[in-house]
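>>> need a 3D model of the following:
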Amino acid sequence: MFAGNKFIVSAALNGGMQQDRDGAVVPKQPEEIGEAAARCWEAGAAMVHVHARGPDGKNTGDKEVYAEIIRQIRARSPVLIQTTNGIGVRRDPDTGQFIWPTDAERLGLLELEPRQDLFGIAGGSADFYHPEGGYVNETPYVNSPDLLKQTIKAVYAMGSALEYEIVEASSIHRLLRYAEEGLFDRDRDNVWLLHGGGYGAVPAIARNLIFNVEEGLRYFPRAIWGMTSTGRAMFPMIALGLSMHCDLVRVGFEDGLYLPDGSIARDNREMVEAAVTMGRFFGMEPATVEEARERFGISELANVSAVG
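Prediction:
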């Protein structure tokens, strides 16, 4: 938990499927993502979460595209960079069916050069349904135990921090079992739980998310915990998290386009500004990059290695 009244603002800039609409412009190409990241940092974000898109604006797992995104971001700002480990789906050009990334593709993103600062992984499989993010049909999304275990080992061996995306309490209990089996220390300072609703069968309602938060802190009492949600529920759920003095909030076009008043944001920066304003209503201030780095437990030496 942060000392004092600081919270980290994370900007999920684009996702894999979100497209421009209603005046919102979603950054897709590396230079656009670099510029969007800089604007979010100027507005108070300490980190950005990014997906790569190909020249056609659609999902790609191409490691060179991810590497170029990292270079473009670092050329413009010191904001911390987290890449997805989901990559996202692609469509077969002949059948139109979803093609899900393999575990090997997803693990390949742990080996980028230059290296990202932070990592993320879903805490379990889910029936993924996220119309606000471009996923309009409910589809099983498999996050295998082997993928999760390999990611945990690799990220902690690198000295970085790993975000576990928690959509239901079963993910917390799975992580607890892995900790009890010796995969990682449940009392480490940078166990990182991101709670969210609205991504699948789990609704964005307060009692569900409060239960998940309390379960997470019951078993991982030193955890970094954050709050997010989708669409029009994003800012109400972030307000809930801030009222509970969460460590982090995630906003951005990956998860939705709506500002607290229901209008459409034109740029990710507007969402960061809204999160900062909301935090101040609860007496909290956005963490700087340096403060976020300290809370995540990632050293300057690791960052120099990543940039070099």
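>>> in a helix, residue 215, correct?
Yes: assessed with DSSP: H, G, I helix; E, B strand; the rest coil, residue 215 lies in a helix.
>>> wait, it sits on residue 172?
Yes: using Cβ atoms under 8 Å, residue 215 is in contact with residue 172, at 5.0 Å. Just so you know, the C-beta spots here come from the backbone N, C-alpha and C atoms, and that holds for glycine as well.
>>> the two: which is more packed in?
Using other Cβ atoms under 10 Å, the more surrounded residue of residue 215 and residue 172 is residue 172, with 25 against 20.
>>> correct me if wrong: that one contacts residue 213.
No: counting by Cβ under 8 Å, residue 172 does not reach residue 213; the two are 9.8 Å apart.
>>> could you count how many residues lie near residue 296?
25.
>>> what about the spatially closest residue to it that is not a sequence neighbour, how many neighbours?
Among residues not flanking residue 296 along the chain, residue 161 sits closest, at 4.1 Å (Cβ to Cβ, 6 or more residues apart in numbering). Using other Cβ under 10 Å, the number of residues around residue 161 comes to 25.
>>> quick check, pLDDT for residue 161.
pLDDT recorded at residue 161 is 97.
>>> check contacts around it.
Neighbouring residues of residue 161 by Cβ atoms under 8 Å, 6 or more residues apart in numbering: 118-119, 155, 190, 192, 224, 296-298.
>>> so which of those belong to helices?
Taking DSSP state H as the definition of helices, the contacts of residue 161 contribute 155, 296.
>>> of the contacts of residue 161, buried ones?
Among those, those classed as buried by 16 or more other Cβ atoms under 10 Å are 118-119, 155, 190, 192, 224, 296, 298.
>>> now residue 17: phi and psi?
Residue 17 adopts backbone torsions of phi -120, psi -20, taken as degrees, to the nearest 10.
>>> and if you look at residue 194?
Here is the backbone geometry of residue 194 (degrees, to the nearest 10): phi -110, psi 110.
>>> that one touches residue 228, doesn't it?
Yes: here residue 194 reaches residue 228: they are 6.2 Å apart, a contact under Cβ under 8 Å.
>>> would you map the strands across the stretch 101-250 of the chain?
119-122, 126-130, 135-141, 162-166, 191-197, 224-229, 248-251 (DSSP state E, counting those that start in this stretch).
>>> tabulate those strands (CSV), appending distance to residue 262.
Formatted as CSV, the strands of the stretch 101-250 of the chain follow (distance: least, Cβ to Cβ, whole Å):
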stretch, distance to residue 262
strand 119-122, 28
strand 126-130, 19
strand 135-141, 21
strand 162-166, 26
strand 191-197, 18
strand 224-229, 15
strand 248-251, 15
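>>> of all those, which lies closest to residue 236?
Counting by Cβ to Cβ, residue 236 lies closest to strand 224-229 out of the strands of the stretch 101-250 of the chain; the figure is 7.4 Å.
>>> which residues touch the closest one?
8, 10, 12, 161, 163, 190-198, 204, 209, 213, 216-217, 234, 236-238, 240-242, 246-251, 255-256, 295-296.
>>> so how far is that strand off the chain centroid?
Put simply, strand 224-229 sits 9 Å off its chain's centre (Cα atoms, centre = their mean, to the nearest Å).
>>> partner strands of that strand, parallel or antiparallel?
Strand pairing for strand 224-229, determined by DSSP bridges: strand 191-197 (parallel), strand 248-251 (parallel).
>>> that strand to strand 162-166, inter-axis angle?
With axes from the mean of the first three to the mean of the last three Cα atoms, to 10 degrees as the basis, strand 224-229 and strand 162-166 are set at 50 degrees to each other.
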